[in-house]
Every structure is written in C-alpha cells, then in structure tokens.
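> okay, structure incoming, though there's no sequence with it:
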C-alpha cells in the first residue's frame, strides 16, 4: 500500500528527508516506504485539529453518534482487507487478525452508543433560589500514541473515545504497522467528518512527543506502550499540566488452584499464552500452579506448546506467527539464555526457528526458574510461559503481587473462598477468573502501579476525554 501521513484531511508524504521501510516480519521483505513527518507537518496537524475541534465539539451528541457508527459499519464491511494488512505488517495469523478488526469495529460501535449517554447531573442546592449542575465537556485536542502489537484495536480505542467525547485528535501509531492505522484513517476520510478531526503522523517518536507535549493547543496525552516510555511522557505532560492516560506494560500472573480440571485449563492456557506470539500487554506469563497438580500441569503444558504450528500467518493451519521484529526476537532469546545459564529447565522451545526466513521463535516453557532469572522480573512480551509451583494461596498471592506491575491477572478455581480472596487481594486493574478475556469495548481497562494511569474502554474510558464544569445559577 501507499504509506503516508494524514494531515488536515489529506494523505501525503512527510516533509522530512528520513525514510522508513515497513517490513513483513514473516519474510523480512519491505511492504513499502514511509517518509517521516517534520516539525512543520506536526504543527500543521495540531492547528488542523484545533480548527476541527471548534466544529466537532459543537456537533450534537446525536449526530456524533451516527457518524461514529458509520466508521464501525465500514470496518465491519472490510474485515478481510484490514485483517490482511495486520497479517502482513504484524505476522498475526489471519484468523486472529480478523478477530482484531472486528473488535476495532466494536470499539467504534460502543463509542457511538456512549456518545449519546454523556450525562450531567443536578446537585440539590442549599437554598431555594440556586440551581447547581455538573456539565461534561470535551477536553480539547488530544495527542495519542499507540504501539504495534494491537495495531487496529489500540488506535480504534483512542480515536473512537476521543470522537465520542467531542474531541479532535492527532495520533502517532507505530511506524512498524502504519498501514492498518492508515486504512482506518481512509475509512474516516470517506465519511463527512470535519477536515482535521483526526490527523495521523509518523516519524521520530521523541521529536513528535516533545512537540505534542509542549504544544499549548494540546489538552490531553493518551499513550499505550512500554512503561519506561510512559513515564517519560508523563514527565513531559506534567510540565504543561496536560490530562494524561497511560496503558503500560504488565507481567500477568495466573493462579491455578488444585481443584481445576487440569486438561481443560492447560489447553486453554496454551492457546491464551501464545496468542499473537505472546506480544500482548495482558498476555498470561507467570503461571503459579498448586504443587499437587504441578507435575501433571507442567508436563501437559509443554506437550501442547510443542504441538503449536508456527509458520506462515496466512496458512489456515498456523497457530502462531513470527515476532514483530529482530529486537523482539533477540530480547526473547536473551531471556531464555539467561535462564539456561542459571540451570533452569526449558521444557519446550527455547530457540530461534532458523529454518523459517522471518522472526520466528519456538513456543517456550520455562519451569521453576530461579528468582534471579531475568524473565521473573522483565515482561517477556513474547512466546515465553513461566511455570512455578506454590503450596498455599497466601504464597501464590504474594508472588502474584511481587512485581511493580498490575495490568491483568488471571485465576482458575471452583472454590468460592479462593475466588473472594483472589478478587480482593490481587493488585491489578483487571482480574479474570475462570476466563481469559481481559478487555472488551464495554469494560473499563487500565493498570495500577507501573502498569498505567487512567482508564480506557467502557463509559469510564469516554470520560477520560471529558472535563467537568460546575454551573451555579441564582434566580
């Protein structure tokens, strides 16, 4: 496809002299070249969004709802086209990519519904001649940053919520998956939105973030990505008192209690772990298994991991595609080698798949790793499962809460007392019990501790893009 910037309602190349090749991770072949944006381009995008905000913020909630629903309808109609772009750029198996596109459409669908439900409220006055109300208003022009691992869902979530609230947006998706984001922009461009209500820029991340964070015309920053980058953005945004939402990294624990159906849970656990090659911020990584079932569970887990078909993501039989890039491939291998050096058992995988031409790594299972192993502390963000045993629930909860992350957590048990304790005591923004779903368009999603700030998704996610005005009228 033709890679470009999308500024002020126009698809065009950036005006810098820097170019970037978008690569297919399954073949290492170039999908096309992108010319980076320049500071002048970014400033034009900001000003375009500022002018569009004046129009869009005054558009009625009813009309905003109708227009956002049109975006959802067109995405639904083009599922295969958009899914193909995800598979080309990310290497996600085509069937998985189709599900992601459908979820992206659902993001717009949900936001269209919520646009009509941004309710204020009346506060009873102290005296009879006073009327007190709370009014929600759009926060203003939003600057958004999204990563490559959910290249349709994450931009869709940010764009849809901003538009529902009445905001305009300048978004920088990942250059590595620019095409799928641009296809969403193309859909919006076909509809009669104010020119500049969405601007899409690609380029040097630090340069773009500095300009957007420092601009007095940007009211809010929303970011999805690594914790270290999120903290840096938070520091920049705080200097200018901008509203901020951050969805950052995780290292999700999974507590498997002794009363589960081992065979059923193992099969589902393996499928959940290696979805998108483990490149999911909510991916289950630290499996904490009761000692009474540990041997059986770990052996079956390794057995099923070895059976996963890794290969061409367009092959209907493929269950796991490549990692996104060489950086991820090397980072995963380094974690595995560190565990090996400490004498840790690698019961499945643990190697690059050199017989395949792209960034392929075998589904890997690490058993009872020494706490000194780096993989116990660093989010793998790849196809690594860590299996550890525990003696009682206290021990499992302590280990689950040990790290400074709290994005998603999982647990499997039929014991109601265990469910109550796990629900109350795990430090995480999302806890999924007897299920692997961590996020839906209609549910609030956000992390605690080093995993984030604020909420995306649900009615609460729309409210992140709003400001509160208290109005008192004496009569």
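In hand now; what should we look at? Predicted, not measured: the structure shown is a model, and the values here were computed from it.
> quick one, helices of this structure?
39-56, 61-77, 79-90, 94-114, 153-165, 178-190, 205-214, 227-239, 262-273, 291-307, 326-341, 393-400, 416-425, 458-463 (DSSP state H).
> winner for burial among these?
helix 153-165 (a mean of 29; mean count of other Cβ atoms under 10 Å). Any C-beta I mention is one placed from the backbone N, CA and C, and that applies to glycine too.
> so it versus helix 61-77, what angle?
160 degrees (axes from the mean of the first three to the mean of the last three Cα atoms, to 10 degrees).
> quick one: list the elements packing against helix 153-165.
The contact analysis (3 or more Cβ pairs under 8 Å, 6 or more residues apart in numbering; DSSP states H and E) places helix 153-165 against helix 61-77, helix 94-114, strand 141-145, strand 168-172, helix 178-190, strand 220-224, helix 458-463.
> contacts for the fourth one next, please.
With Cβ atoms under 8 Å, 6 or more residues apart in numbering as the test, strand 168-172 has contacts from 42, 45-46, 49-50, 52-53, 56-57, 141-146, 155, 158-159, 162-163, 181, 194, 196-203, 205, 208-209, 212, 218.
> kindly recompute the last result at 6 Å.
Strand 168-172 has contacts (Cβ atoms under 6 Å, 6 or more residues apart in numbering) with 45, 49, 52-53, 56, 141-145, 159, 162, 197-201, 208.
> what lines up beside it in the sheet?
strand 141-145 (parallel), strand 198-200 (parallel) (DSSP bridges).
> which residues touch residue 252?
Residues counted as contacts of residue 252 (Cβ under 6 Å, 6+ apart) are 282, 284, 285, 408, 409.
> need those in CSV (columns: neighbour count and distance to residue 296).
Shown next, in CSV, are the contacts of residue 252 (neighbours: other Cβ atoms under 10 Å; distance: Cβ to Cβ, whole Å):
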residue, neighbour count, distance to residue 296
282, 26, 26
284, 25, 19
285, 24, 21
408, 29, 26
409, 27, 23
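> among those, which lie within strands?
Counting by DSSP state E, the part of those found in strands is 284, 285, 408, 409.
> which of those residues lies closest to residue 402?
Nearest to residue 402 out of these is residue 409 (Cβ to Cβ; 12.1 Å).
> picking up where we left off before, would you list the ones in strands among the contacts of residue 252 in JSON lines and tack on distance to residue 426 and pLDDT?
JSON lines is the format used below for the ones in strands among the contacts of residue 252 (distance: Cβ to Cβ, whole Å; pLDDT from 0 to 100):
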{"residue": "284", "distance to residue 426": "13", "pLDDT": "98"}
{"residue": "285", "distance to residue 426": "15", "pLDDT": "97"}
{"residue": "408", "distance to residue 426": "10", "pLDDT": "98"}
{"residue": "409", "distance to residue 426": "5", "pLDDT": "98"}
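> now, which of these sits nearest residue 27?
Closest approach to residue 27 among these (Cβ to Cβ): residue 285, at 27.9 Å.
> list the contacts of the closest one.
Taking Cβ under 6 Å, 6+ apart, one finds 251, 252, 380 in contact with residue 285.
> the residue nearest the centre of the chain - nearest residue in space that isn't next to it in sequence?
For the chain, the residue sitting closest to the mean C-alpha position, by Cα atoms, centre = their mean, is residue 154 at 5.1 Å. Distances taken as Cβ to Cβ, 6 or more residues apart in numbering place residue 146 nearest to residue 154, at 3.9 Å, with adjacent residues excluded.
> separation between the one you found and residue 72?
In this view, residue 146 and residue 72 are 18 Å apart by Cβ to Cβ, to the nearest Å.
> which stretches of the stretch 351-475 of the chain form strands?
Applying DSSP state E, counting those that start in this stretch to the stretch 351-475 of the chain gives strands spanning 364-367, 384-390, 405-406, 408-412, 430-433, 448-449, 452-453, 466-474.
> in a markdown table, list those along with distance to residue 83.
A markdown table is the format used below for those (distance: least, Cβ to Cβ, whole Å):
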| stretch | distance to residue 83 |
| --- | --- |
| strand 364-367 | 27 |
| strand 384-390 | 26 |
| strand 405-406 | 30 |
| strand 408-412 | 24 |
| strand 430-433 | 25 |
| strand 448-449 | 33 |
| strand 452-453 | 28 |
| strand 466-474 | 32 |
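> tell me which of those strands sits nearest to residue 289.
Nearest of the strands of the stretch 351-475 of the chain to residue 289, taken as Cβ to Cβ: strand 384-390 at 5.7 Å.
> what is the closest one packed up against?
Judged by 3 or more Cβ pairs under 6 Å, 6 or more residues apart in numbering; DSSP states H and E, the packing partners of strand 384-390 are strand 284-290, helix 291-307, strand 364-367.
> so what's the gap between that strand and the chain middle?
24 Å (Cα atoms, centre = their mean, to the nearest Å).
> give me the contact list for it.
By Cβ under 6 Å, 6+ apart, the residues outside strand 384-390 that reach it are 273, 286-289, 291, 294, 298, 364-369, 375, 396.
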